[in-house]
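coordinates for the following, if possible.
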Amino acid sequence: MVYDRLAKPPLPVVLAAAAQHMVLMAVTLVFPLLVAQAAGADASMQGHYMQLCMLAMGVATLIQAWGGRLFGRTDMGSGFLLPAVFAAAYLPPALQAARLGGLEAVAGLTIAAGLSQIVLSRLIGRLRPYLSIEIVGLVVFMIGIILGIVAFKLMTGIGQPQPLEARGTGTAVLGLAVMVGLSVWGGARIRNLAVLIGLVVGTMAYFGTSRVMGLPLVDATAPFEVIRWPLVVPDFEATALPGFLVGALPAPSGPSATSLPARRPGIAIGSGRTIRTLKPVSSPTASAACWPG
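Just a heads-up that it's a prediction; the model follows:
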């Protein structure tokens with residue numbers, strides 16, 4: 001099926017795609033949580049931090065989906081529902097900045113990365129001959145390696161008091177196995193929902209294991225608090241700045257949803273009965289507000 005941005009796909013297609021995007025957005029919230037923990041933030045600060053992160057993701061997604069003029073002057077967004085997620089390319093330098101200068105340094109360097117990405121987006125047409133597909137491919141490959149390392153540590157519980165816990169590691173491996181199995185052997189429609197189904201299976205297995213073992217679902221629940229911003233005053237840690245600037249390169253130069261081959265702007269390409277949805281966008285420009293600056 002082929003849908004342009006003004007089309008109205010069937011309700012089941014819309015609900016399934018929206019649910020999968022929401023789950024993928026929620027998964028990337030582990031990045032700012034790891035950064036807050038690396039900075040030594042207490043439970044209260046982590047709660048406020050995650051509030052701002054979720055708010056920034058929602059606002060950035062709405063701006064991207066606007067696809068029109070803002071106040072009758074400036075064009076904003078592509079008009080597609082491209083959920084904003086947190087970029088893995090910024091995780092290593094963000095962790096380094098958090099350890100060196102706390103959340104203040106992370107806030108300042110994220111602002112610097114966002115401004116750099118805005119500038120690069122205006123120059124990418126002229127810089128593209130110098131950014132070969134091999135360089136972009138290497139960057140995307142390294143991002144995959146970063147995600148793999150983070151996922152492996154979370155799944156195996158490295159650094160936790162009880163590594164290789166059946167409730168955590170076992171259910172995570174089960175969810176991953178479901179995703180891989182459906183992606184390889186599933187039908188065309190099932191493959192599009194492999195990530196969502198795997199996450200649901202892993203989550204339900206975690207709940208079931210917790211109930212059987214008589215363990216609480218969460219270690220502690222944070223009280224409801226009003227969103228507070230700013231949390232800290234931004235600072236700039238010069239030693240971590242190169243990593244943030246390098247992380248700004250993949251977003252404007254790498255493959256993105258807007259670079260899909262299409263006969264005219266605003267088309268999502270599909271073949272037969274398979275629907276190819278647009279991938280989430282990872283951009284510090286849109287999500288910089290989540291950092292406590």
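
what's the longest helix in this protein?
For the chain, the helix that runs over the most residues, judged by DSSP state H, is helix 91-127.

buried residues in stretch 184-200?
Counting neighbours by 16 or more other C-beta atoms under 10 Å, one finds that the buried residues in stretch 184-200 are Gly186, Asn192, Leu193, Ala194, Val195, Leu196, Ile197, Gly198, Leu199. To be clear about C-beta, it is placed using only N, CA and C from the backbone, and glycine gets the same treatment.

report all helices and strands that the longest helix of the chain contacts.
Other helices and strands packing on helix 91-127, by 3 or more C-beta pairs under 8 Å, 6 or more residues apart in numbering; DSSP states H and E, are helix 30-38, helix 133-156, helix 241-247, helix 250-253, helix 284-287.

picking up where we left off before, from the buried residues of stretch 184-200, which ones fall inside strands?
When DSSP state E defines the strands, the subset of these inside them is empty.

just name the closest of these to Leu103, please.
Distance ranking of these against Leu103, using C-beta to C-beta, places Leu199 first at 28.5 Å.

count residues in the vicinity of the closest residue to that closest one other than its chain neighbours, would you?
Leaving aside its chain neighbours, Leu199 sits nearest to Val23 (5.1 Å; criterion: C-beta to C-beta, 6 or more residues apart in numbering). As a burial measure, Val23 scores 15 neighbours (other C-beta atoms under 10 Å).

now Val23: which helix or strand?
helix 11-27 (DSSP states H and E).

check which residues of that helix are buried.
Residues of helix 11-27 classed as buried by neighbour count (16+ other C-beta under 10 Å): Val13, Ala16, Ala17, Gln20, His21, Leu24, Met25.

mind putting these in a markdown table, pLDDT and distance to Leu127 included?
Conversion of these to a markdown table gives the following (pLDDT from 0 to 100; distance: C-beta to C-beta, whole Å):
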| residue | pLDDT | distance to Leu127 |
| --- | --- | --- |
| Val13 | 80 | 38 |
| Ala16 | 80 | 38 |
| Ala17 | 79 | 33 |
| Gln20 | 78 | 33 |
| His21 | 82 | 30 |
| Leu24 | 79 | 29 |
| Met25 | 83 | 30 |
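
kindly indicate which of the residues you listed lies nearest Leu176.
If you rank those by distance to Leu176 using C-beta to C-beta, Leu24 comes first, at 14.7 Å.

I figured the closest one was touching Ala84, is that so?
No. Counting by C-beta atoms under 8 Å, Ala84 is not a contact partner of Leu24; they are 10.9 Å apart.

could you list the low-pLDDT ranges of this protein?
Confidence mapping of the chain against pLDDT under 70 gives the ranges 1-5, 73, 159-163, 218-224, 246-293.

nearest residue to the middle of it?
Among the residues of the chain, Val85 comes closest to the average C-alpha position under C-alpha atoms, centre = their mean, at 2.8 Å.

pretty sure it sits against Met57.
Yes. Between Val85 and Met57 there is a contact under C-beta under 8 Å: 7.2 Å.

re earlier: most tightly packed of the helices and strands packed on helix 91-127?
helix 284-287 (a mean of 24; mean count of other C-beta atoms under 10 Å).

overlap in contacts, Val85 and Met57.
Where contact means C-beta atoms under 8 Å, 6 or more residues apart in numbering, the residues bridging Val85 and Met57 through contact with each are Met25.

which element is Arg69 on?
Secondary structure assigned from DSSP H and E places Arg69 in strand 68-70.

show me what counts as buried in the very next helix or strand once past that strand.
Proceeding C-terminally, strand 68-70 gives way to strand 74-76 as the next helix or strand, assigned by DSSP H and E. Buried residues in strand 74-76, defined by neighbour count with 16+ other C-beta under 10 Å: Met76.

any idea which helix or strand comes after strand 74-76?
As assigned by DSSP H and E, the chain's next helix or strand after strand 74-76 is strand 84-85.

in its sheet, what does that following strand sit against?
Paired neighbours of strand 84-85 in the sheet (DSSP bridges): strand 281-282 (parallel).

Three-state assignment for Asp235, please.
Put simply, Asp235 is coil when judged by DSSP: H, G, I helix; E, B strand; the rest coil.

for it, give its distance to Leu115.
Spatial separation of Asp235 from Leu115 under the definition C-beta to C-beta, to the nearest Å is 16 Å.

try Leu196
Here the criterion is C-beta to C-beta. By it, Leu196 lies 35 Å from Leu115.

how many neighbours does Ala41 have?
Ala41 is flanked by 21 other residues according to other C-beta under 10 Å.
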